[in-house]
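> Fold the following.
(one chain, ligands or ions: 2)
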Amino acid sequence: MIKASIIGATGYVGIELIRILAGHPAVTLVHLVSQSFEGQKIGEAYPHLAARCETLEGMNFEKIGGDSDVIFTALPHGASAETIQKLAPYGKKIIDLSADFRYDDVATYEAWYKVKHPAPELMRQAVYGLPELHRAEIQKCQIVGNPGCYTTCSILGLAPAVQKGFIDPDSIIIDAKSGVTGAGRKPSTDLHFSEVNESFKAYGVGTHRHTSEIEQEISKLAGKPVVLSFSPHLIPIQRGILATIYAKLTGEIAHGDFVRLYQEFYKDEPFVQIEEKGLPQIKYVRGTNLCRIGFVVDPRTNRVVIVSVIDNLVKGAAGQAVENMNLLFGLPETAGLDNSPWYL
Ligand SMILES: NC(=O)C1=CN([C@@H]2O[C@H](COP(=O)(O)OP(=O)(O)OC[C@H]3O[C@@H](n4cnc5c(N)ncnc54)[C@H](OP(=O)(O)O)[C@@H]3O)[C@@H](O)[C@H]2O)C=CC1
Ligand SMILES: CC(=O)N[C@@H](CCC(=O)OP(=O)(O)O)C(=O)O
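Ligands and ions are numbered 1, 2, ... in the order given. Modelled structure (predicted):
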């Protein structure tokens with residue numbers, strides 16, 4: 001059995017990791033780390049987990065580095081890099097859920113996150129954990145920078161069309177909507193029920209940090225630097241992201257051409273599904289590691305509209321992290337991740 005530890009176990013991503021790993025056939029949980037609930041049973045932080053026996057522990061680098069085969073860090077940006085800097089010398093596999101190890105270029109991270117990276121040399125060694133684009137590199141690395149939720153949804157929706165030149169990359173507009181769990185468990189005024197319920201708002205338009213992460217990957221696919229528009233929105237649901245992506249077509253390209261291109265690009269991918277007709281909804285992927293993608297080609301505007309959906313806590317975070325763990329340990333990529341969606 002693979003011995004797994006979770007640091008930041010009491011966050012929304014942390015408990016989603018517990019949920020998935022508890023059902024994984026090849027994993028045993030060895031350490032669950034929490035600052036705020038140190039010494040308490042997991043059921044005290046989350047009563048729905050009252051039947052579980054684990055006690056939340058304080059951070060002990062030697063113990064966690066020594067006992068674990070894989071360590072998931074589900075901490076805020078900055079705190080993750082500081083923690084991983086101290087864990088990396090133990091040589092164990094590390095999957096970081098924050099943004100601290102997602103960038104090829106330290107300067108881009110520092111410009112968008114407005115902080116100095118504490119471990120730039122480790123960032124350079126880390127691999128961007130989007131299996132559909134970087135599977136071979138992930139299998140060989142020590143540190144995986146697990147992608148952001150909006151970015152996973154957007155990049156998977158765009159990758160084949162950009163690489164094949166079906167769309168003009170300089171014309172891309174991503175209009176994305178996220179459920180409230182995307183903001184984590186830490187309370188804030190903006191996230192109160194009465195602020196979010198019955199409302200729908202845009203935020204971070206033109207400035208959201210995920211813009212840079214999407215541009216990094218789309219630029220590689222386009223073979224040139226790409227600048228795009230990204231507008232995130234908060235919707236009053238718990239989980240799920242739906243990205244509506246607009247781009248100019250480069251020629252006379254029909255709906256069927258998109259379907260065939262995407263089916264071919266993702267033909268060996270267990271978690272990407274292409275709609276032959278119609279558009280996907282968040283309901284179709286809730287609770288799963290799936291990404292579903294559909295298209296409308298609009299000849300009137302000469303644009304394609306791509307709709308991509310994921311569950312932010314699964315393919316956008318904990319599920320993709322487990323998928324990366326499966327790759328690191330040579331397990332079937334779907335191990336622990338083959339459940340059906342929760343339609344209701
Ligand atoms: N929510 C989502 O949909 C997604 C989140 N992410 C990323 O995953 C990470 C975790 O997110 P999420 O679970 O939503 O966040 P939460 O705020 O729900 O949880 C973060 C956890 O980290 C611990 N923590 C907080 N501050 C510190 C600190 N300074 N040092 C050490 N531990 C700290 C806390 O646990 P305790 O106090 O008990 O130690 C807390 O429970 C973040 O980097 C986030 O950006 C990525 C993709 C999607
Ligand atoms: C709804 C909401 O607030 N979402 C978060 C994105 C969360 C996420 O996955 O991004 P990181 O992993 O890069 O933090 C936000 O907009 O900041």
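> near ligand 1 at all, stretch 39-56?
No. Contact of stretch 39-56 with ligand 1 is not found when judged by CB under 6 Å from any ligand atom; the minimum separation is 7.1 Å. Quick note: C-beta positions are derived from backbone N, CA and C, even for glycine.
> what's the distance between that stretch and the middle of its chain?
In terms of CA atoms, centre = their mean, to the nearest Å, the centre of stretch 39-56 is found 26 Å from the chain centre.
> Secondary structure element holding the closest residue to residue 334 other than its chain neighbours?
Once flanking residues are discounted, residue 334 sits nearest to residue 270: 5.0 Å by CB to CB, 6 or more residues apart in numbering. Using DSSP states H and E, residue 270 sits in no helix or strand.
> quick one: residue 270 and residue 132, what's the gap?
10 Å (CB to CB, to the nearest Å).
> Settle it for me: which of the two has more neighbours?
residue 132 (19 against 16; other CB atoms under 10 Å).
> contacting residues for the more buried one?
Going by CB atoms under 8 Å, 6 or more residues apart in numbering, residue 132 touches 156, 159, 266, 269, 271-272.
> Mind giving me the PyMOL command for buried ones among those residues?
Listed next is the PyMOL selection for buried residues among the contacts of residue 132, using 16 or more other CB atoms under 10 Å:
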select buried, resi 156+159+266+271+272
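> Between all of the contacts of residue 132, which two are separated the most?
Of all pairs drawn from the contacts of residue 132, the one with the longest distance (CB to CB) is 159 and 271, at 13.5 Å.
> Pull up the residues of this structure that are close to ligand 2.
Counting by CB under 6 Å from any ligand atom, the chain sits next to ligand 2 at 99, 148-149, 178, 182-183, 232, 234, 316.
> Surely residue 272 and residue 156 touch.
Yes. Using CB atoms under 8 Å, residue 272 is in contact with residue 156, at 6.1 Å.
> what is in contact with the two at once?
Both residue 272 and residue 156 are in contact with 132, 291, 293, where contact means CB under 8 Å, 6+ apart.
> and the second one, what pLDDT?
Yep, that's residue 291 we're talking about. Listed pLDDT for residue 291 reads 98.
> Quickly note the distance from it to residue 152.
Taken as CB to CB, the span from residue 291 to residue 152 is 7 Å.
> The nearest residue to residue 312 once chain neighbours are set aside: neighbouring residues, count only.
Residue nearest to residue 312 in three dimensions, not counting chain neighbours: residue 149, with 3.8 Å by CB to CB, 6+ apart. Here the count is done by other CB under 10 Å, and residue 149 has 29 residues near it.
> What pLDDT is listed against residue 149?
98.
> Equivalent analysis for the one 5 residues further on, please.
At residue 154, the model reports a pLDDT of 98.
> Could you do residue 53 as well?
89.
> can you tell me which residues contact it?
Going by CB under 8 Å, 6+ apart, the list of residues near residue 53 reads residue 41.
> Ok, residue 195 next?
By CB under 8 Å, 6+ apart, the contact set of residue 195 is residue 189.
> Need the three-state assignment for it.
Three states are possible here, and by DSSP: H, G, I helix; E, B strand; the rest coil the one that applies to residue 195 is helix.
> residue ranges with poor pLDDT in the stretch 151-300 of the chain?
For the stretch 151-300 of the chain, no stretch has pLDDT under 70.
> residue in it nearest to ligand 1?
Ligand 1 sits closest to residue 184 of the stretch 151-300 of the chain, with a gap of 2.9 Å, by CB to the nearest ligand atom.
> From residue 191, how far off is that residue?
To residue 191, residue 184 is 9 Å away according to CB to CB.
> Same question for residue 41.
The gap separating residue 41 from residue 191 is 27 Å, by CB to CB.
> try residue 307
26 Å.
> Show me where this protein has its strands.
Along the chain, the stretches classed as strands by DSSP state E are 2-7, 27-33, 70-73, 93-96, 127-128, 143-145, 173-178, 201-202, 229-234, 241-248, 272-274, 291-298, 303-310.
> got a pLDDT number for the closest residue to residue 65 other than its chain neighbours?
Excluding the flanking residues, the one nearest residue 65 by CB to CB, 6+ apart is residue 90, at 2.9 Å. We note a pLDDT of 98 for residue 90 in this prediction.
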